[in-house]
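Visitor: I need the structure of the sequence given here:
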Amino acid sequence: MHYDRRKFIRTGLVGTAAVVTGCMPNGVTEESPGTIANGPSPGKGPIVLSTWKHGLMANTKAWQVLSAKGSVLDAVEQGVSVVESDLSNRSVGLGGHPDRDGSVTLDACIQDHNGKAGAVAFLQRFEHPISVARAIMDRTPHVMLVGKGAEQWALENGFEQLDVEIPEVRQAWQEWLRTSTYKPIANIENHDTIGMIAMDSDGQLAGSCTTSGMAYKIHGRVGDSPIIGAGLFVDGEVGAACATGVGELMIRTSGSHTVVELMRQGRTPEEACREAVRRVAKHVPANEAMQVGFLALRADGLYAGRSLYAGFDYAAKTNSVEGMVDAGYDREWE
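Guide: Down below sits the predicted model:
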């Protein structure tokens with residue numbers, strides 16, 4: 001069953017997001033209890049933002065790391081790793097839908113405050129590609145390893161492979177083989193990463209991104225999630241951004257890098273996300289509902305999101321608010 005994000009946005013996160021009464025800090029609105037308004041005032045960290053509903057549990061874990069005085073880099077790694085371990089998730093980790101050949105292939109990247117980065121692509125049978133990406137960053141002079149070489153390196157560096165067989169996923173793939181057709185559908189979880197960007201109480205930034213990629217993609221396809229500048233970009237002097245949706249569109253526009261560079265030029269996070277979406281929209285064929293969403297966190301703590309179509313929400317956690325945010329979109333792209 002596909003998760004209906006539009007229904008979720010209408011009903012809010014009753015019992016999960018914080019309901020704030022009286023003075024509404026950081027954008028929480030009385031009109032929409034349980035949902036945080038997009039674009040709070042600048043504030044001191046910690047701040048943790050991540051894409052989609054699965055970002056809630058990722059944020060909880062990241063916050064635990066930050067509360068225990070862990071580094072923001074550890075927080076973004078461990079935060080998204082919780083989602084990688086969730087075998088009920090069909091777009092992240094080993095529980096994800098396979099490619100057209102029946103193989104689940106994983107992509108991930110991570111980047112710190114100073115721009116140091118690690119990435120892995122086309123990885124198979126490893127539970128935590130984000131941790132392999134972190135190890136590549138920490139232990140090698142490289143940024144990205146892919147495929148068999150990445151798997152060999154991971155095994156040599158203490159990571160273990162894991163065989164996972166999920167009957168409902170295998171059955172869905174076999175049913176897909178009858179027609180073997182693929183068409184992206186906005187807000188349907190067949191290509192939704194988890195991207196996370198965060199700031200600690202000292203203003204240090206970091207980000208992470210991990211995915212199992214598009215369902216039934218061509219074997220060997222790699223999207224934006226492991227590509228620094230496309231699915232994720234962090235510059236400690238300016239801010240951080242991450243993306244979700246159809247990866248090819250982010251790659252063509254260097255989407256996350258674009259958002260950060262626009263903030264460097266003086267745009268607010270919301271303005272930067274809107275301009276990045278506008279540029280992406282040029283690459284979307286008429287009547288093709290290919291969703292793209294961006295998150296941006298500026299170095300002063302101001303954050304926002306934006307998407308090409310309605311339906312993109314993200315999880316936010318700060319010292320004063322916690323819950324889902326409707327990122328917003330511009331109707332001109334409908």
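Visitor: With His257 as the reference, measure out to Thr268.
Guide: For Thr268, the distance to His257 (Cβ to Cβ, to the nearest Å) stands at 17 Å. (C-beta placed from N, C-alpha, C; glycine too.)
Visitor: My error: substitute Ala68 in the last question.
Guide: From Ala68 across to His257, the span is 32 Å (Cβ to Cβ).
Visitor: which of those two has more neighbours?
Guide: His257 (19 against 9; other Cβ atoms under 10 Å).
Visitor: Could you find the closest non-adjacent residue to the more buried one?
Guide: Across the structure, with Cβ to Cβ, 6 or more residues apart in numbering as the measure, the residue nearest His257 apart from its sequence neighbours is Gly229 (3.8 Å).
Visitor: Show the contacting residues for the one you found.
Guide: The contact partners of Gly229, taken as Cβ atoms under 8 Å, 6 or more residues apart in numbering, are 254, 256-257.
Visitor: of all the residues you listed, which comes closest to Arg170?
Guide: The shortest approach to Arg170 among the contacts of Gly229 belongs to Ser256, at 33.5 Å (Cβ to Cβ).
Visitor: Toward the C-terminus, what is the element adjacent to the helix or strand where that closest one lies?
Guide: With the criterion set as DSSP states H and E, the secondary-structure element containing Ser256 is helix 255-264. Counting by DSSP H and E, the next helix or strand C-terminal to helix 255-264 is helix 269-281.
Visitor: Let me know the average pLDDT across that next one.
Guide: Per-residue pLDDT values across helix 269-281 average out to 95.
Visitor: Note down every partner strand of whatever helix or strand comes next after that helix and its orientation.
Guide: Using DSSP H and E, the next helix or strand after helix 269-281 towards the C-terminus is strand 292-298. Paired with strand 292-298 in the same sheet, following DSSP bridges, are strand 239-245 (antiparallel), strand 303-307 (antiparallel).
Visitor: Check which helix or strand the spatially most central residue of the chain maps to.
Guide: Within the chain, the residue whose C-alpha comes closest to the C-alpha centroid is Gly195; the distance, by Cα atoms, centre = their mean, is 1.8 Å. Gly195 is part of strand 194-199, with elements assigned from DSSP H and E.
Visitor: average model confidence for the next helix or strand after that strand?
Guide: Heading C-terminal from strand 194-199, the first helix or strand you meet, by DSSP H and E, is strand 205-211. For strand 205-211, the mean per-residue pLDDT is 98.
Visitor: what's the spacing between Gly70 and Ala206?
Guide: Going from Gly70 to Ala206 by Cβ to Cβ gives 11 Å.
Visitor: Tell me which of those two has more neighbours.
Guide: Residue environment comparison for Gly70 versus Ala206 gives the larger neighbour count to Ala206, 27 against 15, counting by other Cβ under 10 Å.
Visitor: can you pull the contacts of the more buried one?
Guide: Under the criterion of Cβ under 8 Å, 6+ apart, the contact partners of Ala206 comprise 71-73, 75-76, 110-113, 197-198, 234, 240.
Visitor: Among those residues, which lie within helices?
Guide: When DSSP state H defines the helices, the subset of these inside them is 72-73, 75-76.
Visitor: quick revisit: what's the neighbour count on the nearest residue to the residue nearest to the centre of the chain once chain neighbours are set aside?
Guide: Take Gly195 and drop its neighbours on the chain: the residue closest to it by Cβ to Cβ, 6+ apart is Cys242, 3.1 Å away. Counted by other Cβ under 10 Å, the residues lying close to Cys242 total 36.
Visitor: Just confirm Cys242 contacts Thr51, I think it does.
Guide: Yes - when contacts are counted by Cβ atoms under 8 Å, Cys242 is listed as touching Thr51 (6.9 Å).
Visitor: Need the residues touching each of these two.
Guide: 195-196, 295.
Visitor: Is it possible to get a markdown table of those that adds pLDDT and distance to Pro141?
Guide: What follows is the shared contacts of Cys242 and Thr51, written out as a markdown table (pLDDT from 0 to 100; distance: Cβ to Cβ, whole Å):
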| residue | pLDDT | distance to Pro141 |
| --- | --- | --- |
| Gly195 | 97 | 25 |
| Met196 | 98 | 25 |
| Leu295 | 98 | 30 |
